[in-house]
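Visitor: Quick one: sequence and predicted model below, then my questions.
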Amino acid sequence: MEPLPQLCGEERAEVVVIGAGYTGLSAALHLAAAGREVVMLEAGELGAGGSGLNGGQVIPGLKHDPDVLAARYGERIGSQLTARSAEAADLVFDLIGRHSIECDAVRTGWMQLAASESHLPLLQRRAEQWRRRGADVAALSDREAVKLTGSARYCGGWIDRRGGTVQPLAYVRGLARAAMRSGARIFVRSAAAKLSRAARGWRIDTARGSANASTVILATDAYTDRAFDALRRTVVTVPSIQVATAPLLPPLRAAILPGGQSVSDTQRLLCYFRLDASGRFVLGTRGAYADVPIPATTTAHERAMRETYPELAGLPLEYRWGGFVAMTRDGLPHLHQPAPGLLAGLGYNGRGVAMATAMGRMLGRWALGESAESLDFPVTPLRPIRLHSLSRLGARATIRYLQLRDALEQSLRRPLPGRAG
């Protein structure tokens, strides 16, 4: 990726987008393609946040099942949420194809697999709900799970063939190139230090310059800082750490995930994995807290690898990386309008590759003048979490508790007939 400039001096645009991750880049791309003048401000280097540091899984849908959304929000709104989230993976792969983004995109499906027999009924209901809505999904037996993964660890589950994988940093850079080709101007190392009203909208001050626009989009997700404190306090951030092995030798590469699907499991602290384009085994799970989520220890990752694929024991880890994920109280992404001309979208709860891309498009449409009602996604008031300053302590304790629950459940797991436990 060619070096990008720092903002120095004064810039003017119709829209300023703060945050050059998937949300911001998707918004900027759609706005610039529609002829709007767009300036983007990124606090670090391109891809230095969660969009460049995730596991690369492109997963359709939200955390909540379609029937749950319909029951909680009513059939009309629930159906809209389901439909918009279902389209998110389509949007990712459409943008990749339309803009010739080279990011090792693979669309052979995503599997959610049961770490315990008690989890199977939920996954079977989930597959059936999506099947009724026309999605290309199927329930998986334990034997089918073994065939598709090459692992005897899981009891079955379901496959969503709409899903896939990307190399996350390459996808960020590809979106950036596409946005710049459409006319967007991207500035890095240009953190927004202050947001204030101006004669014709908003002024954003950075360390060495400023940007002015009638509309501002806040696309900072888990990296929202105290410059936008009310928005920051609507989410809890948790660390997610990934590791990658050395490239697998051909026999192992042929035996592990032979169809190229990615996997998430149903542990309370989920584990997710895939193979990358070079044949490395890439696995992620929650990490330890730090101001920057540096994976100082990967004990949990190494244990998960051994449990899932004993033949990988002792294989060296070549790469370790991690970022923050923004979690909301209701498990849904949020659209906000904190003030006229100030729009925000965040809170992807671990499904950011697809949903952040879709949210960016929604924010772009909104900034182009579409009504909030036409977005088919609810715009909600900012509701900061009470005692937010204690959220990290609470999250750390919750993570430890869930680790213990997972370990207990695994120790009690009954081996299935004809399979190793």
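Guide: Happy to help now that I have it. Numbering: from 1, shown residues only.

Visitor: Please compute how far stretch 164-177 lies from its chain's middle.
Guide: Computed by C-alpha atoms, centre = their mean, to the nearest Å, the chain-centroid distance of stretch 164-177 equals 12 Å.

Visitor: Show me what that stretch is in contact with.
Guide: Where contact means C-beta atoms under 8 Å, 6 or more residues apart in numbering, the residues beyond stretch 164-177 that reach it are 1, 4, 20-22, 25-26, 29, 46-47, 51-58, 89, 92-93, 95-96, 99, 101-110, 186, 262, 274, 276-277, 353. Any C-beta I mention is one placed from the backbone N, CA and C, and that applies to glycine too.

Visitor: what do you get for stretch 25-33?
Guide: 14-15, 17, 20, 38, 40, 51, 95, 172, 175-176, 178-179, 182-184, 186, 217, 219, 356-361, 363-365, 367-368.

Visitor: List only buried entries from the residues you listed.
Guide: Listed as buried from the contacts of stretch 25-33 are 14-15, 17, 20, 38, 40, 51, 95, 172, 175-176, 178-179, 182, 184, 186, 217, 219, 356-361, 363-365, 367; burial here means 16 or more other C-beta atoms under 10 Å.

Visitor: Flag the shaky bits of the stretch 151-300 of the chain, pLDDT-wise.
Guide: Counting by pLDDT under 70, the stretch 151-300 of the chain contains low-confidence ranges at 268, 287-297.

Visitor: what about 50?
Guide: For the stretch 151-300 of the chain, the stretches flagged by pLDDT under 50 are 292.

Visitor: returning to what we had before: among the buried ones among the contacts of stretch 25-33, which lie within strands?
Guide: Secondary structure from DSSP state E places 15, 17, 38, 40, 186, 217 of these in strands.

Visitor: just how off-centre is the helix or strand harbouring Gly97 within its chain?
Guide: Assessed by DSSP states H and E, Gly97 sits inside helix 88-98. Here the centre of helix 88-98 is set off from its chain's centre by 15 Å, with C-alpha atoms, centre = their mean.

Visitor: Next: stretch 6-14.
Guide: The answer for stretch 6-14 is 29 Å, by C-alpha atoms, centre = their mean.

Visitor: and if you look at stretch 136-156?
Guide: 24 Å.

Visitor: And for stretch 102-112?
Guide: Centroid separation between stretch 102-112 and its chain, computed with C-alpha atoms, centre = their mean, is 14 Å.

Visitor: what comes into contact with that stretch?
Guide: With C-beta under 8 Å, 6+ apart as the contact definition, stretch 102-112 has outside contacts at 57-60, 89, 93, 96, 123, 126, 140, 145, 148-149, 157-168, 170-171, 173-174, 259-266, 276-277.

Visitor: May I have that stretch as CSV, with CA atoms only?
Guide: Taking Å, rounded to 0.1, in the frame of the first residue of the first chain, the C-alpha atoms of stretch 102-112 are listed here in CSV:
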residue,chain,number,x,y,z
GLU,A,102,-6.9,-8.8,-3.9
CYS,A,103,-7.5,-10.1,-0.5
ASP,A,104,-7.4,-14.0,-0.8
ALA,A,105,-11.3,-14.0,-0.8
VAL,A,106,-12.8,-17.5,-0.4
ARG,A,107,-16.5,-18.1,-0.3
THR,A,108,-17.0,-21.8,0.4
GLY,A,109,-19.1,-21.2,3.6
TRP,A,110,-18.9,-20.8,7.4
MET,A,111,-19.6,-23.5,9.9
GLN,A,112,-20.8,-23.1,13.5
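
Visitor: Next, the most centrally placed residue in the chain: phi, psi?
Guide: Closest to where the C-alpha atoms of the chain average out (C-alpha atoms, centre = their mean) is Gly352, at 1.8 Å. Dihedral angles phi and psi of Gly352 (degrees, to the nearest 10) take the values phi -80, psi -30.

Visitor: residues contacting it?
Guide: Each residue near Gly352 by C-beta under 8 Å, 6+ apart is listed here: 22, 50-51, 54, 221, 325.
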